[in-house]
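Student: Compute the structure for the input listed below.
(one chain, ligands or ions: 2)
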Amino acid sequence: MTRIIATKPYDDQKPGTSGLRKKVPVFQQENYAENFIQSIFDALDGYKGKTLVLGGDGRFYNREVIQKVLAIAAANGFGKVMVGQGGILSTPAASNVIRKYKAFGGIILSASHNPGGPHEDFGIKYNIDNGGPAPEKITDAIFAKSKTIKEYKIADIGEIDIDRIGTVEAGGMTIEVIDSVKDYAELMESLFDFKALQKLFESGFRMRFDSMHAVTGPYAKEIFEHRLGAAEGTCRNFKPLPDFGRHHPDPNLVHCKHLYDEMMKPDAPDFGAASDGDGDRNLIIGKGIFITPSDSLAMLCANATVAPAYANGLAGIARSMPTSRAADRVAEKLGIGIYETPTGWKFFGNLLDAGKATICGEESAGTGSNHIREKDGLWAVLLWLSILAVRSESVQQVATKHWAEFGRNYYSRHDYEGVDSGRAHALMEELGGKLASLAGTSVRGLKIEKADDFAYHDPVDGSVSEHQGIRVHFEGGSRVVFRLSGTGTEGATLRVYIEHYEPPTGKLDKDTQKALADLIAAADDIAGIARHTGRDKPSVIT
Ligand code: VG1
Ligand code: CO
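Tutor: Ligands and ions are numbered 1, 2, ... in the order given. Sure, this is the predicted structure:
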């Protein structure tokens, strides 16, 4: 039986950079999740009888919301829902399932790298039929529906057993519980030369992969240890936990410091990597060397032809605006297109669909390719392993040679988390107000060439996205970018992205923070970070 439940709108259901993210108690308010799920369906057309893919990163409240989505999808007339066993699908795995089975779309339950638990974060995201995050046109429509919603539909289907693989009929809809890992592992096997990677591990190559008690555990175990023969113990923290073991599943040098420390020891393994809550990010650390995500993107692109899937070369590269321009130099050398998009994977979808870009990346540890429409942590690790296998070199050697050829984009991101929202917005407004007057002035001896507020004109559908970050360019190619995060759930997070280019003939082995010290000071002078935020240093440096 289907019931229609009267409800009142909430005014704060605007999806951010990647879906709606709030604290769990916010989602637990009466009808809060139901409203948003119904608003997603209300914003869509033509799904009657079609298939929806459903899964999440296993965090606290995942199972409850899986049941809600099933019951609301049935009442709204979906023909079928394919749900990952136990409610689990990593974000890249969900993207693959949507594409492989030609689903109408998918709902992914995740707050990605944000912590989980009864008082931590939860999230809901809608992906379209290409497997990618809904574009702004759709997220805007969902938000509009959420502000006027009066009722939602729900089918009385009872609690569905999502732990047993198989198919059941409920509320006039088919529910298929699928293996969370199998389709994804097969996809990886189709892209990379698994025999070559098996040989690498046979030769004694040692690796650590840290799943941070998040969703990639079962995927990593299956791919690295079972299919590629990496030693047992290669995978660490591989048991997904609803609260990620009370850690912050963000694979950066702060939250994954234990891996960094291990990789800096004299007897370190050859390769270390980690992934985030929902499996779309990657951290890459070689023995004795951390690779910034922006450099990783450039190095993956420069060497992609080692993998069968990219043997014929890349059509183009896309990176988010704050990502360093290391990849631009690779694109230039390869004679292929380079695209600069706003932050968030949803902006890459059109470029990938149109065949303009093959590999995309973000400074926030996200890299991926046209194999799906999300960033993909394990994919990046497998491409790195392929490079090391084919070149028979260490990460250090690959990086050193890359910089010697292309020069080095010293790069760092400084985050000021949990800043009072009013003060953070005041900083951005003040900065925006003086952009026009910055060009030609000097700060700390650095001459400002131009400054602007980044707007993106999508070359495929012509849509325009404004106010995507403030860029200050200095003479000589250095750059500072300021923007406010769209994924946080507490106050505001100011992100400051700092970049300095050193040509191949320059000094390529400096300490990053030292290499950027002048620019960091200039950023504070220009934006008044300390004055506005009351902070004398960032909370996270990556
Ligand atoms: C952050 C990152 C962005 C990434 C987004 C989602 O967004 O900066 O590059 O696409 O998170 O990643 P923001 O708006 O907080 O800067 V995930 O792994 O959280 O889905
Ligand atoms: Co993520």
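
Student: From R164, how far out is the spatially closest residue to A230 that is not a sequence neighbour?
Tutor: Leaving aside its sequence neighbours, A230 sits nearest to F224 (C-beta to C-beta, 6 or more residues apart in numbering; 4.3 Å). Using the backbone N, CA and C atoms, a C-beta is placed for each residue, glycine as well. Distance, F224 to R164, by C-beta to C-beta, to the nearest Å: 27 Å.

Student: could you dump stretch 507-522 to CSV, C-alpha only?
Tutor: What follows is stretch 507-522, C-alpha atoms only, in CSV (Å, rounded to 0.1, in the frame of the first residue of the first chain):
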residue,chain,number,x,y,z
LYS,A,507,65.4,24.8,-7.8
LEU,A,508,63.2,21.7,-7.8
ASP,A,509,63.9,20.2,-4.4
LYS,A,510,62.8,22.9,-2.0
ASP,A,511,60.5,22.3,1.0
THR,A,512,57.0,23.2,-0.2
GLN,A,513,55.9,25.5,2.7
LYS,A,514,59.3,27.3,2.5
ALA,A,515,59.0,27.7,-1.3
LEU,A,516,55.6,29.3,-0.8
ALA,A,517,56.4,31.4,2.3
ASP,A,518,56.3,34.8,0.5
LEU,A,519,53.0,34.0,-1.3
ILE,A,520,51.4,32.7,2.0
ALA,A,521,52.3,36.0,3.6
ALA,A,522,51.0,37.9,0.6
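
Student: before we move on, could you check phi and psi at the residue nearest to A230?
Tutor: Note on F224: backbone dihedrals following degrees, to the nearest 10 are phi -80, psi -50.

Student: ditto for Y497
Tutor: phi -110, psi 120.

Student: and it, how many residues sit next to it?
Tutor: Using other C-beta atoms under 10 Å, Y497 has 27 other residues around it.

Student: neighbour-wise, which of F224 and R164 wins?
Tutor: Each of F224 and R164 has its neighbours counted (other C-beta under 10 Å); F224 has more, 24 against 10.

Student: Pull the contacting residues for the more buried one.
Tutor: Neighbouring residues of F224 by C-beta atoms under 8 Å, 6 or more residues apart in numbering: 207, 209, 230, 234-235.

Student: With secondary structure as extra columns, can I get those residues in a markdown table?
Tutor: Compiled in a markdown table, the contacts of F224 are given as follows (DSSP: H, G, I helix; E, B strand; the rest coil):
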| residue | secondary structure |
| --- | --- |
| M207 | strand |
| F209 | strand |
| A230 | coil |
| T234 | coil |
| C235 | strand |
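
Student: Show me the two of those that sit farthest apart.
Tutor: Using C-beta to C-beta, these span at most 9.2 Å, a distance reached by M207 and C235.

Student: Please identify which of those two sits among more neighbours.
Tutor: More crowded of M207 and C235, by other C-beta under 10 Å: C235, with 24 against 21.

Student: How many neighbouring residues does the residue lying closest to that one once chain neighbours are set aside have?
Tutor: The shortest distance from C235 to any non-neighbouring residue, by C-beta to C-beta, 6+ apart, is to A220 (4.7 Å). When neighbours are counted by other C-beta under 10 Å, A220 registers 28.

Student: Which element, helix or strand, includes A220?
Tutor: Taking DSSP states H and E as the definition, A220 sits inside helix 216-220.

Student: Show me what that helix is packed against.
Tutor: helix 377-391 (3 or more C-beta pairs under 8 Å, 6 or more residues apart in numbering; DSSP states H and E).

Student: just how off-centre is the helix it packs on within its chain?
Tutor: Helix 377-391 has its C-alpha centroid displaced from the chain centroid by 18 Å (C-alpha atoms, centre = their mean, to the nearest Å).

Student: how about the residues of this protein that lie near ligand 2?
Tutor: Residues of the chain found near ligand 2 (C-beta under 5 Å from the ion) are 112, 276, 278, 280-281.

Student: For Y152, which three-state class applies?
Tutor: Y152 ends up strand, using three-state DSSP.

Student: Can you list the buried residues in stretch 324-342?
Tutor: Across stretch 324-342, burial judged by 16 or more other C-beta atoms under 10 Å covers 324-331, 334, 336-342.

Student: Check stretch 139-151 too.
Tutor: By 16+ other C-beta under 10 Å, the buried positions in stretch 139-151 come out as 139, 141-143, 145-146, 149.

Student: Thought S211 was touching the residue nearest to C235, still the case?
Tutor: Yes - counting by C-beta atoms under 8 Å, A220 touches S211, with 5.6 Å between them.

Student: any common contacting residues for the two?
Tutor: 235, 238, 275.

Student: ok, and which of those residues reach ligand 1?
Tutor: Among the shared contacts of A220 and S211, no residue is within reach of ligand 1 (C-beta under 6 Å from any ligand atom).

Student: of the residues you listed, closest to A455?
Tutor: Using C-beta to C-beta, S275 comes nearest to A455 of the shared contacts of A220 and S211, at 32.2 Å.

Student: What residues does the nearest residue to the closest one once chain neighbours are set aside make contact with?
Tutor: Residue nearest to S275 in three dimensions, not counting chain neighbours: G377, with 3.6 Å by C-beta to C-beta, 6+ apart. Shown in contact with G377 (C-beta under 8 Å, 6+ apart): 92, 216, 251, 273, 275-276, 279-282.

Student: Just those residues: which are in strands?
Tutor: Using DSSP state E, the members of those that fall within strands are A273.

Student: my guess is G349 contacts D129, does it?
Tutor: No - G349 lies out of contact with D129 (C-beta under 8 Å); the separation is 10.7 Å.

Student: the more surrounded of these two?
Tutor: More crowded of G349 and D129, by other C-beta under 10 Å: G349, with 24 against 16.

Student: Chain neighbours aside, what residue packs nearest to the more buried one?
Tutor: Spatial nearest neighbour of G349, chain neighbours left out: G132 (3.8 Å); criterion: C-beta to C-beta, 6+ apart.

Student: Please report which of the contacts of G377 has the highest neighbour count.
Tutor: Note: the member of the contacts of G377 with the most neighbours is T216, at 37 neighbours, neighbours being other C-beta under 10 Å.

Student: Report the contact partners of it.
Tutor: Contacts of T216 by C-beta under 8 Å, 6+ apart are 90, 209, 238, 275, 279, 377-378.

Student: any idea how far it lies from ligand 2?
Tutor: Distance, T216 to ligand 2, using C-beta to the ion, to the nearest Å: 10 Å.

Student: Next one: the residue of the chain found nearest ligand 2 relative to ligand 1, how far apart?
Tutor: Per C-beta to the ion, S112 is where the chain lies closest to ligand 2, at 3.2 Å. From S112 across to ligand 1, the span is 3 Å (C-beta to the nearest ligand atom, to the nearest Å).
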